[in-house]
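Chemist: Sequence and predicted structure are below.
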Amino acid sequence: METQLLSIIGHIAVALLVLVLPGLTWLVWFPALEQDSIQQLAGAIGLSISLSALTAQFLFVLGWHLSAISVVALYALLGFLTVLGLLRRRSPTGHRRQQKPKLGAGLPLPFCRIHMRWHRAGATVLSLGLFMLLLFWRFYQVRNLALPAWVDSVHHALIVRLILEKGGLPQDLLPDLPVPFYYHFGFHVVASLFAFWTRLSPAQSILILGQILNAAVALSVYRLGMAIWSDRRRAGLAAVLVGFVSEMPAYYASWGRYTLLTGMLLLPLAMSTALEVRHERRQAHYIAELAMLTAGVLLSHYLAGLLLAIFFLVIGTQVIWVRLRRGKVCTAHWWALGLGAAGGLALASPWLWRVLVFAGSFASGSKLVLPLQPAGQENWEAQWSYSWSLLGPMHNHALVLFSLGGLITAAFRPRARGLALWGAILALESSPWGLRLSPFRPDHFAIVLFLPVCLLASDLFVGVWQVLRDVRPSWAARAILVGAVLSLSVWALQDTASVVNPATVLATPADMKALSWIEDHTPLDARFLINVTPWQAGAYRGVDGGYWILPYTQRQTVLPPAMYTWEEKDEVARINQLAEQTSHLESCTAQFWDLVRATGVTYLYATSDRGTLRPEKLASCPRLRLAYQADGVFIWQVSE
């Protein structure tokens, strides 16, 4: 346990290098003087991800690839620039030089300054302590995972491995899959950098870095709360609700939704910068930061990009409406917001154009779905039930109900009105009815509702706390409120202690051992038959650790990772036909041997508790030689 704890601490330290240093370099030279240390830490993380993604895109456009020495030199340069910027700020000619108190100034002033410094230092230490506690809580929640869960994690590991091998973004997924690469890649770039420095496998890097990013979402929510309210109580409580109470984003680990997680980390930072850009004293700084964060969102996940676009429309409309009521047509804030958004779109445009070329058909436009349209009552009920389940379990339903109260009160306050309207739009999009923006579904919006829910619930709790000052006895009323919030927190901690859904766990420690054996004892041209099952949209997936064979060992499987659906329609149909046949096999029948010959299979991977091909039915098959058996995992070699 001690060794594991030291390993986690070491990985967190490396993550700070990848997730903080690039953004810190920017902030040292272009500081945000109005922000506290936690806001700046969140900004450094967001800028680091954005700058890493933009650098990867820039190198891809130029056709350049980085060697290991180049990566080390680049980070050394960043470290040098950071130190140089810090020395510049501390020098007598630096722009942040502190003014000495004038002679004759009142004596209480120094004591006031000391008190303020100690107060801020104490708040910072407490905040960082809570963040470290949240980090270890995220690792505890996934303690039983040997490899990242579910289907998306498989192709995430494949992409990270290819980025490491090629020294940058690949043009395609060859030799593993004959498809062009046009996926959102912000997460994969930072995961590749993390794997480079830690020397971990892509799969392990994804699992570990994913939990660190999951905890960092709370920091970005804190910054958004400060941008909305300038109130540490509301912002801090919202961060605590996201980290320790809300089911999402912790549950993203069950789906391997690390790309969306990265987008949801960057989204509040871009939103907060869009609100901060109104400060005329440092408007150019905020415009540049907004452009980089916007580009980072767009390169990390397209749903997060859509959510940001909706927020831009909401606050842009709000600014215009307020100014029109005052007799003015436009403001510097509106123009600064537009420049930042347009700048971000321009920065990400090379990759977005590539996505449009290769995947434009997936976005088939928008459509309006009305309750009176014939879709079947059972279908509507099923969709409502599924969306409601994604907002669960019970403690999370309670949090959602509290946020409704916050939504109502925020609608009457100018500072939070934009958040309330944005949250209401997301809630409407998560219902079966409304304007549908393809390819996003209502359940996609349901799993991102945690962001407005936690912010609005925090606003309600702190607002009630302030109202209770006038209630007598106020200490009793406040004690009841604190008790209610603590009870909700304890309830949530009990529910989310094991947040990973066992049904989404494909690989176990036994599978890990088998994968390592495959890597050491089989030729690179080995081809595996694995157990499969229907998944979604007519595609198929693996059911156990055999699905990890390609990204983990570079050996081919009859059913590739889910990105095989990017291939030509005829090839996708062929793979689906083979997968459909495999999903019905139970033993070495004539159909089994026909499939083996047609696909050139040389090995068979099966487990004792999953899939239709079970070890007990394959044990007596001729031409199958048992090559590996341990902890319920069996590997057979097909004889000539």
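Modeler: Thanks, I have the structure now.
Chemist: For Trp636, identify the helix or strand it belongs to.
Modeler: Element membership of Trp636, judged by DSSP states H and E, is strand 633-638.
Chemist: swap that for Ser220, please
Modeler: Per DSSP H and E, Ser220 falls inside helix 202-229.
Chemist: Can you tell me which helices and strands the next helix or strand after that helix packs against?
Modeler: Using DSSP H and E, the helix or strand that follows helix 202-229 in sequence is helix 232-240. Judged by 3 or more C-beta pairs under 8 Å, 6 or more residues apart in numbering; DSSP states H and E, helix 232-240 is in contact with helix 108-141, helix 202-229, helix 450-467. (Each C-beta comes from the backbone N, C-alpha and C, glycine too.)
Chemist: what about the second one, distance to the chain center?
Modeler: When you say that, I think you mean helix 202-229. Taking C-alpha atoms, centre = their mean, to the nearest Å, one finds helix 202-229 lying 8 Å from the centre of the chain it belongs to.
Chemist: where exactly do the helices run in the stretch 51-200 of the chain?
Modeler: For the stretch 51-200 of the chain, the helices defined by DSSP state H, counting those that start in this stretch occupy 68-90, 108-141, 150-166, 186-198.
Chemist: Show the average pLDDT along the longest one.
Modeler: The average pLDDT within helix 108-141 is 76.
Chemist: Counting neighbours, show which residues of stretch 506-517 come out buried.
Modeler: 506-508, 510-515, 517 (16 or more other C-beta atoms under 10 Å).
Chemist: which outside residues touch it?
Modeler: If you take C-beta atoms under 8 Å, 6 or more residues apart in numbering as the criterion, stretch 506-517 is touched by 146-147, 149-151, 154, 542-549, 552-553, 605, 607, 628, 630-633, 635.
Chemist: are any of these buried, and which?
Modeler: The buried subset of the contacts of stretch 506-517 (16+ other C-beta under 10 Å) comprises 146-147, 149-151, 154, 542-549, 552-553, 605, 607, 628, 632-633, 635.
Chemist: any idea how far the closest residue to Pro178 other than its chain neighbours is from Ala510?
Modeler: Nearest non-adjacent residue to Pro178, counting by C-beta to C-beta, 6 or more residues apart in numbering: Glu567, 6.5 Å away. Taking C-beta to C-beta, to the nearest Å as the measure, Glu567 falls 32 Å from Ala510.
Chemist: Over to Asp231?
Modeler: Taken as C-beta to C-beta, the span from Asp231 to Ala510 is 50 Å.
Chemist: Ser37 now?
Modeler: Counting by C-beta to C-beta - Ser37 and Ala510 are separated by 45 Å.
Chemist: And Arg89, by the same measure?
Modeler: From Arg89 to Ala510 the distance is 54 Å (C-beta to C-beta).
Chemist: Same check on Pro170?
Modeler: For Pro170 relative to Ala510 (C-beta to C-beta), the value is 32 Å.
Chemist: again, but for Phe440
Modeler: In terms of C-beta to C-beta, Phe440 sits 37 Å off from Ala510.
Chemist: Give me the phi and psi for Trp433.
Modeler: Here is the backbone geometry of Trp433 (degrees, to the nearest 10): phi -110, psi 150.
Chemist: At the geometric centre of this protein, which residue do we find?
Modeler: Leu261 (1.1 Å; C-alpha atoms, centre = their mean).
Chemist: my read: that one touches Tyr251, true?
Modeler: No. The pair Leu261 / Tyr251 is not scored as a contact, 10.5 Å apart, by C-beta atoms under 8 Å.
Chemist: Next, show the common contact partners of the two.
Modeler: Joint contacts of Leu261 and Tyr251 (C-beta under 8 Å, 6+ apart) do not exist.
Chemist: and after the helix or strand containing Lys513, which helix or strand comes next?
Modeler: Secondary structure from DSSP H and E places Lys513 in helix 509-521. Beyond helix 509-521 in the direction of the C-terminus, DSSP H and E gives the next helix or strand as strand 527-529.
Chemist: That next one - what's its average pLDDT?
Modeler: The pLDDT scores in strand 527-529 average 97.
Chemist: Show me the beta-bridge partners of Tyr605.
Modeler: Beta bridges link Tyr605 to Ile635 when assigned by DSSP bridges.
Chemist: Could you report the pLDDT at it?
Modeler: At Tyr605, pLDDT is 97.
Chemist: what's the answer for Pro561, then?
Modeler: For Pro561, the predicted pLDDT is 96.
Chemist: Contacts only, for it.
Modeler: 151, 154-155, 158, 177, 547, 550-551.
Chemist: now do Trp197
Modeler: Contacts of Trp197 by C-beta under 8 Å, 6+ apart are 14, 17-18.
Chemist: Now the buried members of those residues.
Modeler: 14, 17-18.
Chemist: Just the closest of the residues you listed to Ile163, please.
Modeler: Relative to Ile163, the closest of the buried ones among the contacts of Trp197 is Val18; by C-beta to C-beta it sits at 13.5 Å.
Chemist: wouldn't the closest one be in contact with Leu51 here?
Modeler: No. Counting by C-beta under 8 Å, Val18 stays clear of Leu51, with 11.1 Å between them.
Chemist: Could you list the low-confidence segments of the stretch 101-250 of the chain?
Modeler: Scanning the stretch 101-250 of the chain for pLDDT under 70 picks out the ranges 101-119.
Chemist: can you rerun that using 90?
Modeler: Along the stretch 101-250 of the chain, segments meeting pLDDT under 90 span 101-128.
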